[in-house]
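# give the three-dimensional model of this entry:
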Amino acid sequence: MDVRHTGRVALVTGGSRGIGRAVAQELVTSGAHVTITGRRPEALQETADALGEDCTAIVCHVADQGAAQECVRSVVAQHGRIDLLVNNVAVNPQWGPTLGVDVGMAAKMAEVNLWAPLWWSRLVHEASMREHGGAIVNVTSLGALVTTPSTGYYNATKAALNHLSDALAVEMSPKVRVNAVAPGLIDTEMASRIPADDRAALTGQVPLGRLGRPEDVAAAVSFLLSESAAWITGTMLVVDGGARHYRGGAP
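Prediction:
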(Lines give C-alpha, C1' and ligand atoms only; values in the text may rest on other atoms or scores of the structure.)
Protein backbone atom coordinates (compact mmCIF):
# COMPACT_ATOMS: atom_id res chain seq x y z
CA MET A 1 0.00 0.00 0.00
CA ASP A 2 1.45 3.35 -1.09
CA VAL A 3 0.25 5.79 1.57
CA ARG A 4 0.51 9.39 0.39
CA HIS A 5 -0.14 12.74 2.08
CA THR A 6 0.69 14.99 -0.84
CA GLY A 7 0.06 18.65 -0.03
CA ARG A 8 -1.53 17.94 3.35
CA VAL A 9 -0.64 20.01 6.42
CA ALA A 10 0.37 18.10 9.55
CA LEU A 11 1.17 19.03 13.14
CA VAL A 12 3.16 16.59 15.31
CA THR A 13 3.72 17.29 19.01
CA GLY A 14 7.01 16.07 20.43
CA GLY A 15 8.57 15.72 17.00
CA SER A 16 12.27 16.11 17.76
CA ARG A 17 13.13 12.50 18.60
CA GLY A 18 11.90 8.94 18.91
CA ILE A 19 8.41 8.15 17.68
CA GLY A 20 7.56 11.79 16.99
CA ARG A 21 10.57 12.29 14.75
CA ALA A 22 9.85 9.06 12.88
CA VAL A 23 6.23 10.16 12.34
CA ALA A 24 7.38 13.54 11.02
CA GLN A 25 9.86 11.83 8.70
CA GLU A 26 7.19 9.46 7.40
CA LEU A 27 4.75 12.29 6.72
CA VAL A 28 7.36 14.49 5.00
CA THR A 29 8.46 11.55 2.84
CA SER A 30 4.81 10.97 1.93
CA GLY A 31 4.39 14.55 0.73
CA ALA A 32 3.05 16.47 3.72
CA HIS A 33 4.06 19.86 5.08
CA VAL A 34 4.88 19.11 8.73
CA THR A 35 5.24 21.32 11.78
CA ILE A 36 6.90 19.70 14.80
CA THR A 37 6.78 21.01 18.35
CA GLY A 38 8.93 20.43 21.41
CA ARG A 39 10.62 22.11 24.35
CA ARG A 40 14.27 21.81 23.29
CA PRO A 41 15.09 24.38 20.59
CA GLU A 42 18.36 22.86 19.41
CA ALA A 43 17.04 19.30 19.07
CA LEU A 44 13.86 20.57 17.42
CA GLN A 45 15.72 22.67 14.86
CA GLU A 46 18.20 19.87 14.13
CA THR A 47 15.30 17.58 13.29
CA ALA A 48 13.60 20.19 11.12
CA ASP A 49 16.84 20.84 9.24
CA ALA A 50 17.39 17.11 8.73
CA LEU A 51 13.87 16.59 7.38
CA GLY A 52 14.13 19.45 4.89
CA GLU A 53 12.13 22.40 3.73
CA ASP A 54 8.77 20.71 4.28
CA CYS A 55 9.38 20.54 8.03
CA THR A 56 9.04 23.54 10.34
CA ALA A 57 9.86 23.66 14.05
CA ILE A 58 8.00 25.63 16.72
CA VAL A 59 9.24 25.60 20.31
CA CYS A 60 6.25 24.93 22.55
CA HIS A 61 5.53 23.10 25.80
CA VAL A 62 2.62 20.83 24.96
CA ALA A 63 0.66 21.77 28.10
CA ASP A 64 1.12 25.55 27.72
CA GLN A 65 -2.34 26.54 26.53
CA GLY A 66 -1.35 29.96 25.21
CA ALA A 67 1.71 28.66 23.39
CA ALA A 68 -0.38 25.89 21.85
CA GLN A 69 -2.90 28.44 20.59
CA GLU A 70 -0.14 30.52 19.05
CA CYS A 71 1.39 27.45 17.42
CA VAL A 72 -1.90 26.47 15.79
CA ARG A 73 -2.49 30.07 14.65
CA SER A 74 0.97 30.15 13.11
CA VAL A 75 0.47 26.94 11.14
CA VAL A 76 -2.94 28.05 9.85
CA ALA A 77 -1.54 31.47 8.93
CA GLN A 78 1.24 29.82 6.93
CA HIS A 79 -0.70 27.02 5.25
CA GLY A 80 -4.35 28.02 5.48
CA ARG A 81 -5.45 24.91 7.35
CA ILE A 82 -4.35 21.88 9.40
CA ASP A 83 -5.31 18.50 7.95
CA LEU A 84 -3.53 16.12 10.33
CA LEU A 85 -2.70 16.16 14.05
CA VAL A 86 -0.54 13.64 15.91
CA ASN A 87 -0.69 13.96 19.70
CA ASN A 88 2.57 12.22 20.52
CA VAL A 89 4.00 13.89 23.66
CA ALA A 90 3.83 12.01 26.95
CA VAL A 91 5.65 12.02 30.28
CA ASN A 92 6.23 9.23 32.77
CA PRO A 93 7.97 10.38 35.96
CA GLN A 94 6.62 7.30 37.75
CA TRP A 95 8.71 4.18 38.34
CA GLY A 96 7.35 2.31 41.30
CA PRO A 97 4.12 1.26 43.04
CA THR A 98 0.95 2.99 41.94
CA LEU A 99 0.08 3.63 45.59
CA GLY A 100 3.28 5.67 45.84
CA VAL A 101 2.32 8.23 43.19
CA ASP A 102 2.14 11.71 44.75
CA VAL A 103 -0.26 14.45 43.76
CA GLY A 104 2.30 16.46 41.79
CA MET A 105 3.39 13.44 39.77
CA ALA A 106 -0.22 12.48 39.10
CA ALA A 107 -1.15 16.00 38.01
CA LYS A 108 1.80 16.24 35.63
CA MET A 109 0.95 12.95 33.91
CA ALA A 110 -2.73 13.83 33.65
CA GLU A 111 -1.93 17.28 32.25
CA VAL A 112 0.52 16.15 29.57
CA ASN A 113 -0.81 12.71 28.70
CA LEU A 114 -4.54 13.41 28.76
CA TRP A 115 -5.43 17.09 28.94
CA ALA A 116 -2.91 18.26 26.33
CA PRO A 117 -4.18 15.92 23.55
CA LEU A 118 -7.71 17.17 24.23
CA TRP A 119 -6.60 20.80 24.12
CA TRP A 120 -4.64 20.43 20.86
CA SER A 121 -7.54 18.52 19.30
CA ARG A 122 -9.92 21.31 20.28
CA LEU A 123 -7.59 23.97 18.90
CA VAL A 124 -7.12 22.37 15.48
CA HIS A 125 -10.83 21.59 15.29
CA GLU A 126 -11.82 25.19 15.94
CA ALA A 127 -9.10 26.64 13.72
CA SER A 128 -9.51 24.36 10.73
CA MET A 129 -10.90 20.84 10.96
CA ARG A 130 -14.48 21.74 11.86
CA GLU A 131 -14.75 23.44 8.47
CA HIS A 132 -12.28 21.53 6.30
CA GLY A 133 -12.17 18.09 7.94
CA GLY A 134 -9.09 16.15 8.94
CA ALA A 135 -7.65 13.25 10.90
CA ILE A 136 -6.15 12.92 14.38
CA VAL A 137 -4.03 10.13 15.86
CA ASN A 138 -3.30 9.93 19.59
CA VAL A 139 -0.24 7.93 20.60
CA THR A 140 -1.21 5.87 23.65
CA SER A 141 0.59 2.77 24.96
CA LEU A 142 0.41 -0.98 25.30
CA GLY A 143 0.38 -0.15 29.00
CA ALA A 144 -3.21 0.99 28.55
CA LEU A 145 -4.14 -2.66 28.00
CA VAL A 146 -1.88 -4.59 30.36
CA THR A 147 -0.75 -4.32 33.96
CA THR A 148 2.90 -3.48 34.56
CA PRO A 149 4.57 -3.31 37.99
CA SER A 150 6.05 0.19 37.95
CA THR A 151 3.95 2.37 35.65
CA GLY A 152 0.39 1.93 36.86
CA TYR A 153 -0.70 5.56 36.91
CA TYR A 154 0.99 6.31 33.59
CA ASN A 155 -0.87 3.34 32.14
CA ALA A 156 -4.11 4.71 33.56
CA THR A 157 -3.62 8.03 31.77
CA LYS A 158 -3.00 6.18 28.53
CA ALA A 159 -6.11 4.04 29.02
CA ALA A 160 -8.04 7.27 29.56
CA LEU A 161 -6.56 8.66 26.34
CA ASN A 162 -7.89 5.63 24.47
CA HIS A 163 -11.34 6.38 25.85
CA LEU A 164 -10.96 10.07 25.02
CA SER A 165 -10.04 9.14 21.45
CA ASP A 166 -13.29 7.17 21.15
CA ALA A 167 -15.30 10.07 22.56
CA LEU A 168 -13.72 12.56 20.16
CA ALA A 169 -14.25 10.21 17.23
CA VAL A 170 -17.98 10.47 17.89
CA GLU A 171 -18.08 14.18 18.74
CA MET A 172 -15.91 15.31 15.82
CA SER A 173 -17.61 13.12 13.21
CA PRO A 174 -18.33 13.05 10.36
CA LYS A 175 -15.67 15.48 9.13
CA VAL A 176 -12.84 14.45 11.48
CA ARG A 177 -11.56 10.94 12.13
CA VAL A 178 -9.88 10.22 15.48
CA ASN A 179 -7.89 7.06 16.16
CA ALA A 180 -5.21 5.84 18.56
CA VAL A 181 -1.98 3.89 18.14
CA ALA A 182 -0.72 1.89 21.13
CA PRO A 183 3.00 1.06 20.86
CA GLY A 184 4.71 -1.65 22.85
CA LEU A 185 8.33 -1.24 23.94
CA ILE A 186 10.06 0.79 21.24
CA ASP A 187 13.83 0.96 20.74
CA THR A 188 14.26 4.66 21.51
CA GLU A 189 16.74 6.64 23.57
CA MET A 190 14.76 5.78 26.70
CA ALA A 191 14.85 2.04 25.95
CA SER A 192 18.59 2.18 25.35
CA ARG A 193 19.06 2.86 29.09
CA ILE A 194 17.57 -0.52 30.02
CA PRO A 195 20.29 -2.89 31.35
CA ALA A 196 21.35 -5.51 28.83
CA ASP A 197 19.93 -8.48 30.78
CA ASP A 198 16.55 -6.78 31.24
CA ARG A 199 16.51 -5.74 27.61
CA ALA A 200 17.13 -9.33 26.53
CA ALA A 201 14.33 -10.57 28.81
CA LEU A 202 11.90 -7.98 27.44
CA THR A 203 12.82 -8.87 23.87
CA GLY A 204 12.15 -12.51 24.70
CA GLN A 205 8.58 -11.56 25.57
CA VAL A 206 7.91 -10.27 22.05
CA PRO A 207 6.64 -13.02 19.72
CA LEU A 208 8.15 -11.25 16.69
CA GLY A 209 11.56 -11.45 18.35
CA ARG A 210 12.66 -7.82 18.57
CA LEU A 211 11.80 -4.50 20.14
CA GLY A 212 9.79 -2.11 18.04
CA ARG A 213 11.39 0.65 16.02
CA PRO A 214 10.02 4.19 15.82
CA GLU A 215 9.43 3.57 12.12
CA ASP A 216 7.04 0.71 12.95
CA VAL A 217 4.82 3.11 14.87
CA ALA A 218 5.20 5.86 12.28
CA ALA A 219 3.91 3.58 9.53
CA ALA A 220 0.81 2.76 11.57
CA VAL A 221 0.18 6.43 12.36
CA SER A 222 0.61 7.42 8.72
CA PHE A 223 -1.88 4.76 7.59
CA LEU A 224 -4.55 5.89 10.06
CA LEU A 225 -4.10 9.50 8.96
CA SER A 226 -4.38 8.61 5.28
CA GLU A 227 -7.30 8.25 2.92
CA SER A 228 -6.59 4.51 2.90
CA ALA A 229 -8.20 4.56 6.38
CA ALA A 230 -11.10 6.80 5.30
CA TRP A 231 -13.70 4.54 6.95
CA ILE A 232 -11.77 3.94 10.17
CA THR A 233 -12.44 6.04 13.25
CA GLY A 234 -12.63 5.37 16.99
CA THR A 235 -10.11 2.53 16.64
CA MET A 236 -6.97 1.68 18.61
CA LEU A 237 -4.22 -0.03 16.60
CA VAL A 238 -1.76 -1.96 18.81
CA VAL A 239 1.82 -1.99 17.49
CA ASP A 240 3.68 -4.29 19.87
CA GLY A 241 5.06 -7.27 17.97
CA GLY A 242 2.46 -9.41 19.75
CA ALA A 243 3.82 -8.68 23.24
CA ARG A 244 0.34 -8.29 24.77
CA HIS A 245 -0.22 -12.02 24.17
CA TYR A 246 2.85 -13.10 26.14
CA ARG A 247 1.88 -14.92 29.33
CA GLY A 248 5.23 -16.07 30.70
CA GLY A 249 5.69 -19.09 28.47
CA ALA A 250 8.76 -19.91 26.42
CA PRO A 251 9.54 -17.11 23.95
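# which strands and helices sit next to the helix or strand hosting Ile136?
Using DSSP states H and E, Ile136 falls within strand 134-139. Packing partners of strand 134-139 (3 or more CB pairs under 8 Å, 6 or more residues apart in numbering; DSSP states H and E): strand 84-87, helix 116-124, helix 152-171, strand 176-183, helix 214-225. For the C-beta atoms, the positions are set from N, CA and C on the backbone; glycine is no exception.
# please identify the pairing partners of it and their relative orientation?
strand 84-87 (parallel), strand 176-183 (parallel) (DSSP bridges).
# mean confidence score for the longest one?
Going back to what we said before, that points to strand 176-183. Per-residue pLDDT values across strand 176-183 average out to 98.
# now Met129. Its backbone dihedrals?
Here is the backbone geometry of Met129 (degrees, to the nearest 10): phi -70, psi -30.
# measure the nearest residue to it once chain neighbours are set aside to Ser141 for me?
Of all residues not flanking Met129 in the chain, Val176 sits nearest, at 4.9 Å (CB to CB, 6 or more residues apart in numbering). According to CB to CB, to the nearest Å, Val176 and Ser141 sit 23 Å apart.
# so for those two, which residue has more residues nearby?
Between Val176 and Ser141, counted using other CB atoms under 10 Å, the more crowded position is Ser141 (28 against 22).
# how about that one, nearest residue that isn't a chain neighbour?
Nearest residue to Ser141, sequence neighbours excluded (CB to CB, 6+ apart): Lys158, at 4.1 Å.
# next, count neighbours for that neighbour.
25.
# from memory it sits against Gly143, does it?
Yes. In this structure Lys158 lies within contact range of Gly143 using CB atoms under 8 Å: 5.6 Å.
# if we can go back for a sec, what's the closest of the helices and strands packed on strand 134-139 to Arg73?
Closest approach to Arg73 among the helices and strands packed on strand 134-139 (CB to CB): helix 116-124, 8.8 Å.
# so what touches the following helix or strand past the closest one?
Toward the C-terminus, helix 116-124 is succeeded by helix 130-132 as the next helix or strand (DSSP H and E). Contacts with helix 130-132, where a contact means CB atoms under 8 Å, 6 or more residues apart in numbering, come from Arg81, Asp83, Lys175, Val176.
# PyMOL command for the buried members of the residues you listed?
Listed next is the PyMOL selection for buried residues among the contacts of helix 130-132, using 16 or more other CB atoms under 10 Å:
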select buried, resi 81+83+176
